[in-house]
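Participant: Build me a model:
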Amino acid sequence: MENYSINLPSYSVGDNVYEKIEKICSPYGSKAVVIGGHKAINSAKELLISATKDTKVSIIDFVWYGGESCFENVDELAENESVKKADYLFAVGGGKALDTTKCLAVKINKPVFTFPTIASNCSPVTCVSIMYTKEGVFKQPFFFEKPPKHAFINTNLLCKSPSKYLWAGMGDTYAKYFESSVSSRGEDTLVHYHRLGVVISQMCLEPILKYGKKALEDNKNKVNSYEFEQTVLSIAITTGIASILLTAEHIIDYNTGLAHGIFYGLTSFPHIEENHIHGEVVGFGVLILLLVDKQYDMFKKMYDFNESVGLPTSIADVEIEEKDLPAVIAKTLEMPDADHNPYVVTEEMLVDAFDKLSNYNKTKTLLEG
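Facilitator: Numbering: from 1, shown residues only. Next comes the predicted model:
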């Protein structure tokens, strides 16, 4: 049996969690530099200043992360004088700002604390940064051994962010359950951390189905409700913990699947990146995954959920026509996301799934077979 270590996230959640900054951060030093996007910094700045006033923590500067999660911006930030002087980094914003700052923290060997300002992904607690070129083209996942020192999930701030991020985040979150459960099916010798990740991924689905619709309505009305908090926790925390366990070896076998393959297949059309959000399209991909996997009852349940919150249920919702499907299917099959599967996904399976979805859109009846 191999010796290994698993490092799980530490986090605080609530409407006043920034008051915990001094207690949690001061053991690592006194000087913090805040790094993030312009809008994110503007939304959190006064809260951070207020929470650190007359404490052992001093914010020495607010620095823009550069606008893209890329190694060039990481290198530029590493030369910033405020970054050099700081004892630790405060990463503020959405996934790209957080991933840039997490990567920077690893490169310069400084602690990082995360302060998400939108609830769209699990970047606040994961051991990976998704890196792009400076022009915004996906480059690689950059894995590291430990998650940020602590994540501060301020639900009062998050509920005031645009609801489209929570909306899309739900699709990406429930995909974790379906993709990991399918990709691990039939493997009786799963190591403990992979099996634990798959079990935890159930919590990526159940709270979304139970609370997601109400949470989205509350987010639109800027109401910090119990349902909103539970949905945020599923998106930002549960998915992150599952991902850490499922990618402990820095491989994607159990952490992704056909839903993400469909997403990448669709991104061969530029309008997907321009007009749609990642989790929104992945949520659509889940419907195709369920049809390919012949989980027909679950397909109907997820179709109804998507319809109830406005997530895509048809190719028209992602601005694709039937004539485009051969290109989508061909690109999907090139992706490695569904390689670790209990069966080989074929062109025929995908054609059949898209046909079934089209028929269901028209008739609300499913030809099972």
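Participant: Run the chain-centre distance for stretch 313-326.
Facilitator: In terms of Cα atoms, centre = their mean, to the nearest Å, the centre of stretch 313-326 is set 24 Å apart from its chain centre.
Participant: Report the buried residues of that stretch.
Facilitator: By neighbour count with 16 or more other Cβ atoms under 10 Å, stretch 313-326 contains the buried residues Thr313, Ser314, Ile315, Asp317, Val318, Ile320, Leu325. Heads up, the C-betas are built off the backbone N, CA and C, glycines and all.
Participant: What pLDDT does the model give the last one?
Facilitator: Leu325 is assigned a pLDDT of 97 by the prediction.
Participant: just checking, it touches Asp352?
Facilitator: No. Assessed by Cβ atoms under 8 Å, Leu325 is found out of contact with Asp352, at 11.6 Å.
Participant: At which residues are the strands of the chain located?
Facilitator: 11-14, 31-36, 58-64, 88-93, 112-116, 128-132, 138-143, 150-154 (DSSP state E).
Participant: contacting residues around stretch 315-325?
Facilitator: 266, 269, 271-272, 275-276, 281, 284, 312, 328, 351, 354, 357-358 (Cβ atoms under 8 Å, 6 or more residues apart in numbering).
Participant: Okay, now the unreliable bits of the protein?
Facilitator: Along the chain, the model assigns pLDDT under 70 to residues 1, 369.
Participant: Spatially central residue for it, please.
Facilitator: Asn121 (2.8 Å; Cα atoms, centre = their mean).
Participant: separation between Glu19 and Gly212?
Facilitator: Look at Glu19 and Gly212: by Cβ to Cβ, to the nearest Å, they are 29 Å apart.
Participant: what residues are up against the closest residue to Glu368 other than its chain neighbours?
Facilitator: Computed as Cβ to Cβ, 6 or more residues apart in numbering, the closest residue to Glu368 that is not its neighbour in sequence is Tyr296, at 5.1 Å. By Cβ under 8 Å, 6+ apart, the contact set of Tyr296 is Leu290, Leu366, Glu368.
Participant: among those, who's most crowded?
Facilitator: Leu290 (24 neighbours; other Cβ atoms under 10 Å).
Participant: dump the residue contacts of that one.
Facilitator: Phe178, Tyr296, Met298, Phe299, Met302 are the contacts of Leu290 under Cβ under 8 Å, 6+ apart.
Participant: Among these, find me the one that's closest to Asn224.
Facilitator: Met302 (27.1 Å; Cβ to Cβ).
Participant: can you count the residues close to that closest one?
Facilitator: 25.
Participant: and what of Phe143?
Facilitator: 15.
Participant: do the same with Gly136
Facilitator: 13.
Participant: again, but for Asp352
Facilitator: What Asp352 shows, counting by other Cβ under 10 Å, is a neighbour count of 15.
Participant: measure it to Asn359 for me?
Facilitator: Here Asp352 is placed at a distance of 11 Å from Asn359 (Cβ to Cβ).
Participant: hmm, back to that, I'd like to know which of the contacts of stretch 315-325 are part of helices.
Facilitator: If you go by DSSP state H, the contacts of stretch 315-325 have Leu266, His271, Ile272, Asn275, Val281, Phe284, Val328, Val351, Phe354, Leu357, Ser358 in helices.
Participant: Looks like the fifth one contacts Pro312 (just checking).
Facilitator: Yes. Here Val281 reaches Pro312: they are 7.1 Å apart, a contact under Cβ under 8 Å.
Participant: ok, now which ones touch Leu333?
Facilitator: By Cβ under 8 Å, 6+ apart, Leu333 lies in contact with Gly261, Gly265, Val345, Thr346, Glu347, Leu350.
Participant: what angle sits between the longest helix along the chain and strand 112-116?
Facilitator: Identified as the longest helix of the chain according to DSSP H is helix 163-183. Counting by axes from the mean of the first three to the mean of the last three Cα atoms, to 10 degrees, helix 163-183 lies at 120 degrees to strand 112-116.
Participant: What is helix 163-183 packed up against?
Facilitator: Where contact means 3 or more Cβ pairs under 8 Å, 6 or more residues apart in numbering; DSSP states H and E, helix 163-183 is packed against helix 192-200, helix 206-220, helix 226-233, helix 239-246, helix 258-266, helix 278-292, helix 296-309.
Participant: Tell me which residues touch Ala151, please.
Facilitator: Pro9, Ser10, Tyr11, Ser12, Phe113, Thr114, Phe115, Pro116, Pro124, Val125, Ala236, Ile237.
Participant: Using neighbour counts, trim these to the buried set.
Facilitator: Among those, those classed as buried by 16+ other Cβ under 10 Å are Pro9, Tyr11, Ser12, Phe113, Thr114, Phe115, Pro116, Pro124, Val125, Ala236, Ile237.
Participant: Please report the distance of the third one from Val125.
Facilitator: Between Ser12 and Val125 the distance is 11 Å, computed by Cβ to Cβ.
Participant: neighbouring contacts of stretch 48-57?
Facilitator: Contacts of stretch 48-57 (Cβ under 8 Å, 6+ apart): 18-19, 21-22, 25-26, 30, 32, 34, 58-59, 90, 92, 115.
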